[in-house]
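Visitor: sequence? don't have it. structure:
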DNA sequence: ACGATTTTTGCAAGCGCTTACATTTTCTAT
DNA sequence: ATAGAAAATGTAAGCGCTTGCAAAAATCGT
């Protein structure tokens, strides 16, 4: 039995089946356009040769890759995991493949990945948030490939978005905090530079403060990397200020878990001594001790809808419609009434 | 200013710079082979046209993609995250790109992904573990592309491996447990079918039991999915047996965290009432309450070495050398002496 | 049974790039 | 200044596939 020196090609199959390459191609891509007898001959040749079509060649000839790229800021923590999983499942159900890459929260990296993914023939792109340079949007426009922004809804963005309102969501949570009597509030946020989600969450908290006569400008705020350890450090710093906050709102669950850890180390009880809240409602939030009160984001739904939007844009060449998903406050154990003075 | 209808091609650049496509190609891939004046002309044309080479075309012509595929059983939890991150970083440092996909612990899915990745022109593949059908190894061999198995060292595998010894690692941990006086030991494992890591860890525990005169065959063992919730359920089941174990060893940290949660729900103190251990030492292990005693796996080192091995095989057409990395027991708080009867 | 359809198949032109080889230009040494 | 070597560039043949169009085969109505 002769061993092929390299992977079999369409030609090999065609020769073995005694048909033209066009027929083989049709067998694979539009079986109904070829008569049963031929199809069987071809398929058996395919099997015999263990043939797998060369993707690059196919993309080049068809100018379609059935691939959609997703660029997320980080794969390090679970923030994007569930949403992306749903995104990918929905794509798969429609015959598309997802290619992910992470920008490590670096705009230049994101730009490079956009180029890479498009160069690889991606039929569409999923990006996170809206903050990026005009030049990038210009480039995207010139490429004329569908692009959708997720994790942040914005009606007037240059690209359609499938997400939620970060600002009002955080505001809603902050209202609850204030309602519980907290007046000394502090916040730990991700770096807001180039990150509209982070920025809008801060804005949301300030909105609530203002609405309740608190001095939003005096809000103690630390921006740091989205890591558990960073959350811990920020928390310690916040708690060692002369005026200790009674509630620390965190830009996401990862930071909040870090805060919880720091509180434990400092011998502070949550929520009796200090309240802590998160944002996102990732799995970690339930596991945390005490379980985290946080903003629940419909990750799976968002991923699914984003996929659907992209597919729609690709297949019907539509402009795409933005969707604003509702969030809700998930009350667990880390938020309690402000300790009486 | 005319707007191109589609992305610029090499031809466009060549025309604009007044040179041949070959020269443009050289400018991009071997700049030193082109004289400075020409190079600058070309580069400026590239910039003007916002040219990005078409990846598919390049792969096809060069028969190299500088892409390496990785197929992991799951992206759901953090088990593979750190190692993969390091893998990817090392690849990147050498000019390669990583393509990941997950098989959801389904052998057929893995097989399909292998084909997909290879069809996409991957220059090499990273697989997890050694358990797969002979036919798959045959296929792999025929493709003549470098493949490395990670997360499990095995001297006599059909493909080289970069990993650690799951069996002796678990045995070492079990020895500690037994040394602390535990005689009623139970285990929660991942599904061992088709998963050598899971299987070897069970074997490791049994080895230790036998070595200390315990009845390894009577080991209460539950195999379940790698999810926190599954861990909780398994733990509850184990603890409701007539003969309660004093120590529950888990196949990995995720299951162990589930066990910890269940213990809390049942009002059991860990480690006073029952000890729990994990395996992997992912971030979760430190966050868990109590912090998990577990087997520390050198994830980053493993990822790095796997990348290096693959690159070496690709570039020097070597056969690849397996490497066995050491693990150690990370003693934290979830393992304590057996409660006196 | 025969022409008109309708289906099925084949032909061949690319898709955008790399690269062996040929050609031209530049440089070196006399 | 010039032959010869070296460096720079150009020519053109693919890489493996899809697909518009044309040819051949099967099907149909009468």
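Guide: Alright, I've got the coordinates. All of these numbers come straight from a predicted model, not from anything done at the bench. Numbering: from 1, shown residues only, chains lettered A, B, ... in the order given.
Visitor: Which parts of chain A belong to which domain?
Guide: A:64-164+A:299-325, A:166-297 (automatic domain parsing).
Visitor: For the longest one, what does the pLDDT average out to?
Guide: Along domain A:166-297, the predicted confidence averages to a pLDDT of 96.
Visitor: want to throw the domains of chain A into JSON lines with distance to chain B and mean neighbour count?
Guide: Every C-beta, even on glycine, is put in place using the N, C-alpha and C of the backbone. Formatted as JSON lines, these follow (distance: least, CB to the nearest CB, whole Å; neighbours: other CB atoms under 10 Å in any protein chain shown):
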{"stretch": "domain A:64-164+A:299-325", "distance to chain B": "4", "mean neighbour count": "20"}
{"stretch": "domain A:166-297", "distance to chain B": "4", "mean neighbour count": "21"}
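Visitor: Could you export those as JSON lines, including distance to residue A:9?
Guide: Formatted as JSON lines, these follow (distance: least, CB to CB, whole Å):
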{"stretch": "domain A:64-164+A:299-325", "distance to residue A:9": "19"}
{"stretch": "domain A:166-297", "distance to residue A:9": "46"}
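Visitor: Rebuild the ones you listed as CSV, extending it with distance to DNA strand C.
Guide: Output for the domains of chain A, formatted as CSV (distance: least, CB to the nearest atom of the strand, whole Å):
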stretch, distance to DNA strand C
domain A:64-164+A:299-325, 8
domain A:166-297, 30
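Visitor: Show me the residue sitting in the middle of chain A in space.
Guide: For chain A, the residue nearest the mean C-alpha position is residue A:80 (4.2 Å; CA atoms, centre = their mean).
Visitor: And that one, how far from residue A:190?
Guide: Noted for residue A:80: a distance of 13 Å to residue A:190, by CB to CB, to the nearest Å.
Visitor: What is the top helix by length along chain A packed up against?
Guide: For chain A, the helix reaching the highest residue count under DSSP state H is reported as helix A:299-316. In this structure, helix A:299-316 makes packing contacts with helix A:81-93, strand A:124-128, strand A:147-150, strand A:161-164, strand A:323-325, judged by 3 or more CB pairs under 8 Å, 6 or more residues apart in numbering or on different chains; DSSP states H and E.
Visitor: ok now the shortest one, how far from the chain's centre?
Guide: I take that to be strand A:323-325. Computed by CA atoms, centre = their mean, to the nearest Å, the separation of strand A:323-325 from the middle of its chain amounts to 14 Å.
Visitor: buried residues in the helix or strand following it?
Guide: Remark: after strand A:323-325, the chain's next helix or strand is strand A:328-330, criterion DSSP states H and E. Residues of strand A:328-330 classed as buried by neighbour count (16 or more other CB atoms under 10 Å in any protein chain shown): A:329, A:330.
Visitor: just checking, what packs against strand A:328-330?
Guide: helix A:166-179, strand A:294-296.
Visitor: can you give me the helices for the stretch 101-250 of chain A?
Guide: A:107-119, A:134-143, A:166-179, A:196-211, A:228-239 (DSSP state H, counting those that start in this stretch).
Visitor: and of those helices, who's closest to residue B:285?
Guide: Of all those, helix A:228-239 sits nearest to residue B:285, with 12.3 Å by CB to CB.
Visitor: which other helices and strands contact that closest one?
Guide: Using 3+ CB pairs under 8 Å, 6+ apart: helix A:228-239 touches strand A:185-190, strand A:221-224, strand A:247-250, helix A:253-265.
Visitor: Could I get those in TSV, plus columns for distance to residue B:30?
Guide: Conversion of the helices and strands packed on helix A:228-239 to TSV gives the following (distance: least, CB to CB, whole Å):
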stretch	distance to residue B:30
strand A:185-190	42
strand A:221-224	43
strand A:247-250	50
helix A:253-265	44
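Visitor: So for residue B:120, which of these sits nearest?
Guide: Nearest of the helices and strands packed on helix A:228-239 (CB to CB): helix A:253-265, 32.7 Å.
Visitor: What are the contacting residues of stretch A:21-32?
Guide: With CB atoms under 8 Å, 6 or more residues apart in numbering or on different chains as the test, stretch A:21-32 has contacts from A:10-11, A:13-14, A:17, A:33-34, A:38-39, A:42-43, A:45-46, A:53.
Visitor: Okay, buried residues for that stretch please.
Guide: So for stretch A:21-32, counting by 16+ other CB under 10 Å, buried means A:23, A:24, A:25, A:26, A:27, A:28.
Visitor: Span of stretch A:316-335 from start to end?
Guide: Length of stretch A:316-335, first residue to last, CA to CA, to the nearest Å: 47 Å.
Visitor: One more: stretch A:71-81?
Guide: End-to-end for stretch A:71-81, by CA to CA: 12 Å.
Visitor: Please enumerate residues in contact with that stretch?
Guide: Residues outside stretch A:71-81 that contact it (CB under 8 Å, 6+ apart): A:84, A:100-105, A:110, A:113-114, A:117, A:125-128, A:151, A:195, A:226-227, A:252-254, A:280, A:282-284, B:75-76, B:78, B:81, B:85.
Visitor: In the stretch 101-250 of chain A, which residue sits closest to DNA strand D?
Guide: residue A:121 (12.0 Å; CB to the nearest atom of the strand).
Visitor: Relative to residue A:30, how far out is that residue?
Guide: For residue A:121, the distance to residue A:30 - CB to CB - is 20 Å.
Visitor: and what of residue A:287?
Guide: 49 Å.
Visitor: Could you do residue A:210 as well?
Guide: Taken as CB to CB, the span from residue A:210 to residue A:30 is 61 Å.
Visitor: ditto for residue A:291
Guide: Going from residue A:291 to residue A:30 by CB to CB gives 53 Å.
Visitor: again, but for residue A:228
Guide: With CB to CB as the criterion, residue A:228 and residue A:30 are 51 Å apart.
Visitor: repeat for residue A:163
Guide: Taking CB to CB, one finds residue A:163 at 37 Å from residue A:30.
Visitor: same thing with residue A:216?
Guide: On the measure of CB to CB, residue A:216 and residue A:30 end up 61 Å apart.
Visitor: Checking residue A:276 next. Helix, strand or coil?
Guide: Counting by DSSP: H, G, I helix; E, B strand; the rest coil, the backbone at residue A:276 sits in strand.
Visitor: my read: it touches residue A:261, true?
Guide: No. Taking CB atoms under 8 Å as the definition, residue A:276 is not a contact partner of residue A:261, at 10.2 Å.
Visitor: Tell me the confidence at the residue lying closest to residue A:101 once chain neighbours are set aside?
Guide: Closest residue to residue A:101 apart from its sequence neighbours, by CB to CB, 6 or more residues apart in numbering or on different chains: residue A:113 at 4.8 Å. Note on residue A:113: pLDDT of 92.
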